[in-house]
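Q: everything below, folded, please.
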Amino acid sequence: MMTLLSRRTLLKAGLAGLAASAVAGCNNGAASRGEGEVIYWLWDSAQLPMYTECAKVFHEQNPQYSVKIEQYGWNDYWPKLVTGFISDTAPDVFTGHSSKYPLFADKGQVLAIDDYVAKDNVDLSIYQKGLADRWIGADGKRYGLPKDFDTEVYFYNSAFTEAAGISTEQLNSMTWNPQDGGTFEQIVRRLTVDSKDRRGDQPGFDKDNVKVYGLGYADAGGADGQTSWSWYTAINGWKYSEGEPWGTKFFYGDPKFTETIGWWRGLITKGYMPTYAQAKSGVDVTTSFGAGKYGMTPNGSWMLATYAGLKQVKTKLARLPIGPIGKRMSMMNGLADTIWAGTTRREASWAWVKFLGSQTAQDIVAKAGVVFPAVSASLPAAKAAYAADGWDVTPFLETVEAGDVFPYPANPNAADVTAVMTPAMDAVMSFEAEPSSLTKANNDVNQILSTTT
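A: Numbering: from 1, shown residues only. Modelled structure (predicted):
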């Protein structure tokens, strides 16, 4: 809680008085480097090699410009970025996230690129449907060009499913409902094994002494539930807010939400999923999966390389389940490259952002097989790269192709929403509060929005 609040304070209070200083842009390290050198930040170390290659090609095509790339881990990235805003030493261009840029735009820290897009006739139709619009802020201005996208599926231990007699067809045709969990819960139950090798669907199963849980999870999901509960709530007919994705009134107290979370928590009671204390014990969900502690775990496409590194486990992918609304749904999020409003190198920065949003750059990204590129024409190269590594990524892409996706919730006050919903969800999953308590949390969220808009 202390860490969460301190980061929230940094983002909210630290940015509060920066609208004027961003425009001034008096520093940005101008004295120590050439006018055409762009400082570019990203947080994913796995993507550093492919963007280093992009920088090389960019310089070859634009010899008047060069790019210096700096990579910082996720937990350090955002506080360091805000510190850069405050001290006038932020990078010229940085990788943006849909949960972060609304606040930065609201405080004048990122540059609207509409004029550049219009001047250079940038074709926004080359991107996967909906991705370009994701970077239009609440003010109607565009703050980035898409670079990639992600969705969620289940990563499963195929040795465990084979031993349990669960077929690939069963895994890829799972159904779910909040009453009994459908065939999805039946599979989770079957994959759960106690200390005496009795399965969750066999007589004598000991839910208090489990050695393999059918389903693993990383956390309680906070305000977005991206890799924990988001698809269950979506296929139950729930949405985050009015004005989605720009939440103006949230619905965390809606019965469709609370019943879904109640079902999800119930897997802990039944012994099919670890307790919240076990899940947050300090060993991350992928490491536990790799150690054979979980039959399957939900996660995003950006984690493919991590799961591929778990050599002791033969991992495969399964579709998300079909719910009461009659189809499967996945959150579709995506990153974009954004320009700091205080940069003294706007032309060079725009040239780099435009290049990164082009098929030339995204073909390089695609061939690395680390993320799905935002440019539709680059996707076949990514699929081929993943296939070469042994992945059939179809489950990640089917919902995108069908249009059965929903956006990551966005709001300039996302830090406030998170500060309320994270401890509220933690309390529910720790059995310190009931799902009905989320109604009060939702009221708190909406009260925040009503006093900040």
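Q: output the contacting helices and strands for the helix or strand hosting Ile268.
A: Using DSSP states H and E, Ile268 maps to helix 255-270. Counting contacts by 3 or more Cβ pairs under 8 Å, 6 or more residues apart in numbering; DSSP states H and E, helix 255-270 packs against helix 182-191, helix 230-235, helix 414-429, helix 438-452. (Glycine included, C-beta is placed from N, CA and C.)
Q: helix or strand right after it?
A: With elements assigned by DSSP H and E, the helix or strand that comes after helix 255-270 is helix 276-279.
Q: right, and Phe406 touches Met332 too?
A: Yes: counting by Cβ atoms under 8 Å, Phe406 does reach Met332; the two are 7.1 Å apart.
Q: which one's more surrounded, the two?
A: Met332 (24 against 21; other Cβ atoms under 10 Å).
Q: wait, the more buried one touches Pro407, no?
A: Yes: taking contacts as Cβ under 8 Å, Met332 lies within contact range of Pro407: 6.7 Å.
Q: for Asn299, what are its contacts?
A: Glu152, Val153, Phe155, Ala218, Thr227, Val285, Thr286, Tyr307 (Cβ atoms under 8 Å, 6 or more residues apart in numbering).
Q: lowest-confidence stretch among the helices and strands packed on helix 255-270?
A: Among those, helix 438-452 carries the lowest mean pLDDT, a mean of 92.
Q: buried residues in that one?
A: Leu438, Ala441, Asn442, Asp444, Val445, Asn446, Ile448, Leu449 (16 or more other Cβ atoms under 10 Å).
Q: export these to CSV and tack on distance to Tyr127?
A: CSV is the format used below for the buried residues of helix 438-452 (distance: Cβ to Cβ, whole Å):
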residue, distance to Tyr127
Leu438, 35
Ala441, 35
Asn442, 33
Asp444, 36
Val445, 31
Asn446, 33
Ile448, 33
Leu449, 30
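Q: greatest separation within those residues: which pair is it?
A: Leu438 and Leu449 (16.1 Å; Cβ to Cβ).
Q: tell me the secondary structure at Ser281.
A: coil (DSSP: H, G, I helix; E, B strand; the rest coil).
Q: contacts only, for it.
A: Applying Cβ under 8 Å, 6+ apart, no residues contact Ser281.
Q: mind giving me the domain ranges of the chain?
A: Domain assignment of the chain by the TED database yields the ranges 37-150+333-407, 151-332+410-451.
Q: quick one: contacts for the nearest residue to Leu356 once chain neighbours are set aside?
A: Nearest non-adjacent residue to Leu356, counting by Cβ to Cβ, 6 or more residues apart in numbering: Asp337, 4.9 Å away. Contact analysis of Asp337 by Cβ under 8 Å, 6+ apart lists Tyr40, Val93, Phe94, Thr95, Gly96, Gly144, Leu145, Lys147, Trp352, Val353, Leu356, Gly357.
Q: let me have these in JSON lines, extended by distance to Phe257 and pLDDT.
A: Shown next, in JSON lines, are the contacts of Asp337 (distance: Cβ to Cβ, whole Å; pLDDT from 0 to 100):
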{"residue": "Tyr40", "distance to Phe257": "39", "pLDDT": "98"}
{"residue": "Val93", "distance to Phe257": "37", "pLDDT": "98"}
{"residue": "Phe94", "distance to Phe257": "33", "pLDDT": "98"}
{"residue": "Thr95", "distance to Phe257": "31", "pLDDT": "98"}
{"residue": "Gly96", "distance to Phe257": "28", "pLDDT": "96"}
{"residue": "Gly144", "distance to Phe257": "30", "pLDDT": "97"}
{"residue": "Leu145", "distance to Phe257": "33", "pLDDT": "97"}
{"residue": "Lys147", "distance to Phe257": "31", "pLDDT": "96"}
{"residue": "Trp352", "distance to Phe257": "41", "pLDDT": "98"}
{"residue": "Val353", "distance to Phe257": "37", "pLDDT": "98"}
{"residue": "Leu356", "distance to Phe257": "37", "pLDDT": "98"}
{"residue": "Gly357", "distance to Phe257": "35", "pLDDT": "97"}
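Q: dump those residues to CSV, plus distance to Glu185, neighbour count and secondary structure.
A: Below are the contacts of Asp337 laid out as CSV (distance: Cβ to Cβ, whole Å; neighbours: other Cβ atoms under 10 Å; DSSP: H, G, I helix; E, B strand; the rest coil):
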residue, distance to Glu185, neighbour count, secondary structure
Tyr40, 45, 22, strand
Val93, 46, 28, strand
Phe94, 42, 25, strand
Thr95, 38, 24, strand
Gly96, 38, 21, strand
Gly144, 40, 30, coil
Leu145, 41, 26, strand
Lys147, 37, 27, coil
Trp352, 48, 26, helix
Val353, 45, 26, helix
Leu356, 43, 27, helix
Gly357, 42, 26, coil
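Q: closest one to Ile69 out of those, please.
A: Distances from Ile69 to the contacts of Asp337, taken by Cβ to Cβ, are shortest for Tyr40, at 5.1 Å.
Q: quick one: average pLDDT of the helix or strand harbouring Leu397?
A: Here Leu397 sits within helix 394-402, counting by DSSP H and E. Regarding helix 394-402, the rounded mean pLDDT is 97.
Q: any shared contact partners between Met332 and Pro407?
A: Joint contacts of Met332 and Pro407 (Cβ under 8 Å, 6+ apart) are Gly130.
Q: from the middle of its chain, how far away would stretch 140-160 be?
A: How far stretch 140-160 lies from its chain's middle: 6 Å, per Cα atoms, centre = their mean, to the nearest Å.
Q: now do stretch 243-250
A: 18 Å.
Q: ok, and for it, which residues are buried?
A: Result for stretch 243-250 [16+ other Cβ under 10 Å]: buried residues Pro245, Trp246, Gly247, Phe250.
Q: so what touches stretch 368-378?
A: 44, 46-47, 49-50, 126-128, 131, 146-150, 301-302, 304-305, 334, 336, 357-359, 362-363, 365-366, 379, 381-382, 385-386, 388-389, 393, 396-397.
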